[in-house]
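Chemist: quick check, what structure comes out for this input:
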Amino acid sequence: MFHKGEHKEVFAYTVQTSCDKNGWVLAYEPFAGNLHDSTTFEKFYTEKLHTLNPEKLVLDAGYKTPYISKQLLENSVVPVFPYTRPKGRSKNQKEMFYPKDYIYDEDNDCYICPEKKIILYSTTDRNGYRIYKSKRSLCQNCPSLERCTKSKRKQKTIIRHIWQEFLDISEEYRRTPEGKSDYKQRKETIERCFGTAKEYHGFRYTNMKGLAKMRMKSTLTFACMNMKKLANILWNMDPNRVFFIAYKALV
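Modeler: Residues are numbered from 1 along each chain as shown. Just a heads-up that it's a prediction; the model follows:
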């Protein structure tokens, strides 16, 4: 059951889909609609994408997690993510320090704040996040306290995942001209595939129930889209020639 908004509950499915830079659909797999993209990615990557030996994967913000970055980089795949606003930061906090203003000291496992004070490691929670806390005695009279934290305890807290280094590597690539160029292609490739499937192939809603039937529907839909793409290419090559097309769907 998928919760659409606050009051509406519907049966829904999500279809993890990948395509190449030319818009050919290469792999797909349906999942229950109440599962987050970051949850379904591991199975989809292991069973489908890994066999294609990709060099890069351009993903949306739903996949931007330390674990997915680690999984891809350890398999020699470059993850390309979009920019995401730092968690807990709203639009009206323009005067607050950014997370990048706090420098991580890898050798001493601590953070250094903009006022050159040390934020020490405190503990690690069950989700793999290391928690760093400043000393209240140093923060109480700090001139930058209002820009640093809104905590009533007058104490700065920073969380860092144990695999944050992998996410940092993907962030560095995102800032490069090549990374920016790669991500811009999303709207021309996979987003276009989704738009075509929804508008012209009835993929916005489904009358199917069950993952097996959704897999069949996905197979037929993406096979038709690929064949239509191939037919258009062949027609543009020679509109007066008769072509016979043999197509094998990967199920």
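Chemist: in the chain, which helix or strand is least confident?
Modeler: strand 2-4 (a mean of 57; mean pLDDT, DSSP states H and E).
Chemist: low-scoring stretches of the stretch 51-200 of the chain, by residue?
Modeler: By pLDDT under 70, the weakly predicted segments of the stretch 51-200 of the chain are 87-94.
Chemist: secondary structure element for Arg192, which one?
Modeler: helix 190-200 (DSSP states H and E).
Chemist: for the helix or strand that that helix is followed by, name the packing helices and strands.
Modeler: Sequence-wise, the next helix or strand downstream of helix 190-200 (DSSP H and E) is helix 211-237. In terms of contacts (3 or more Cβ pairs under 8 Å, 6 or more residues apart in numbering; DSSP states H and E), helix 211-237 is packed against strand 13-19, strand 25-32, helix 190-200. To be clear about C-beta, it is placed using only N, CA and C from the backbone, and glycine gets the same treatment.
Chemist: the second one: how far from the chain's middle?
Modeler: Taking Cα atoms, centre = their mean, to the nearest Å, one finds strand 25-32 lying 16 Å from the centre of the chain it belongs to.
Chemist: neighbouring strands - and their directions - for that strand?
Modeler: If you go by DSSP bridges, strand 25-32 pairs up with strand 13-19 (antiparallel).
Chemist: okay, the angle between the strand it pairs with and helix 190-200?
Modeler: Counting by axes from the mean of the first three to the mean of the last three Cα atoms, to 10 degrees, strand 13-19 lies at 130 degrees to helix 190-200.
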